[in-house]
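Enquirer: Using only what follows, build the 3D model:
(one chain, ligands or ions: 1)
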Amino acid sequence: MARTSTSAAALRASPAPAPARVPIADTSNLYLFSIDYEDVRGELVGGWRNADRLPDTTARLLRFLHAHDVTATFFVSGETARAHPDLIRKIISAGHEIGCHGWRHVPMERYQPAQFKDDIAKSLECLYRAGARRVAGFRAPYLSFTERCAWAYDVLAELKFVYSSSVLPGRNPLYGWSGFGDAVKSVSGVVELPVSVISFSGVSLPFASGACFRTLPWVLLRAIFARRRNDGRPLIGYFHPQDIDTEQAKIRYAEYGHVGNFVLRCNRRHVLERIGAIFNGGWRAMPYSDFVERHLCADDR
Ligand SMILES: [Zn+2]
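Expert: Prediction:
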């Protein structure tokens, strides 16, 4: 695929695309489970000198998902697909969907539209070269879509993406789009599936995701899942290969202080056990593109 460029001025001049609600069919007990697949070494003190843990964590994840009869979506960064096409092929062979997780793992605030489009086009090349058949979905690194970069939906539409799952609908110390709301919406013709959140003291937490599975009390997590079982929308959450990595040497994230590093490291040994308990409790999963195809009311998209 040829690299393309988009006129930043033209994109900025046009009004910000407005989200429009998309009705969805019944989704009881549906947990849209995903893996944000990047090589974490790029964010660690010591960087690429740390051991490459992806072969091991990928094998463990694939065994776990197979054992629970779960098919998921892996949002893969282009850089990781270029470095590990063998691992991407294994993920595809196991029946999982491949989505795009940007090129390098950087938040959207660092992008201008033209550079974003170039990076995503470059990522798509690597994903297709690694064997992906149809890359329909996008997840922004750090869930960093906010009202300030709504132009990104126009770029995704140009690149033929069908859906995105890049919004944390609320206030959060990292990123968040409070005005988006937690319903599935269409923006510039791209379906946005915001991650599921729960609010504590004005902070929205993505409870169906890795950091919360490690830090929230298990009894609380189970109660939240039970309450959301039949509320007519899927649960949407994400994990990382490193969330389950108990073998990694003592590591430290360069961008975070003591609290952030604790949250990103603690309780890794409990994560698979807790996810397993959720699936054993009757929650089902499917790749995001299957959900968009089967559960959204097509006339309203
Ligand atoms: Zn990520």
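Enquirer: The longest strand along the chain and the ion, any residue contact?
Expert: The residue-count maximum for a strand in the chain (DSSP state E) belongs to strand 31-37. Yes - shown here: strand 31-37 in contact with the ion (CB under 5 Å from the ion) through residue 36. Quick note: C-beta positions are derived from backbone N, CA and C, even for glycine.
Enquirer: Over to stretch 153-171?
Expert: No - Stretch 153-171 is not in contact with the ion by CB under 5 Å from the ion; minimum separation 10.5 Å.
Enquirer: Can you point out the buried residues in that stretch?
Expert: For stretch 153-171, burial by neighbour count (16 or more other CB atoms under 10 Å) applies to 153-159, 161-170.
Enquirer: same check, this time on stretch 179-195
Expert: Buried, per 16+ other CB under 10 Å, within stretch 179-195: 180, 182, 184-188, 190-195.
Enquirer: Quick one, which of those has the minimum pLDDT?
Expert: When the buried residues of stretch 179-195 are compared by pLDDT, residue 182 scores lowest at 90.
Enquirer: Ignoring the adjacent residues along the chain, who's closest to it?
Expert: Nearest residue to residue 182, sequence neighbours excluded (CB to CB, 6 or more residues apart in numbering): residue 169, at 4.8 Å.
Enquirer: Might one say that that neighbour is in contact with residue 185?
Expert: No - Residue 169 is not in contact with residue 185 according to CB atoms under 8 Å; the separation is 9.6 Å.
Enquirer: tell me, what's touching those two both at once?
Expert: Common neighbours of residue 169 and residue 185, using CB atoms under 8 Å, 6 or more residues apart in numbering, are residue 194.
Enquirer: and whatever residue of the stretch 51-200 of the chain ends up closest to the ion, what is it in contact with?
Expert: The stretch 51-200 of the chain approaches the ion most closely through residue 141 (4.7 Å), counting by CB to the ion. Neighbouring residues of residue 141 by CB under 8 Å, 6+ apart: 36, 38, 77, 101, 102, 105, 106, 107, 108.
Enquirer: No more questions from me, cheers.
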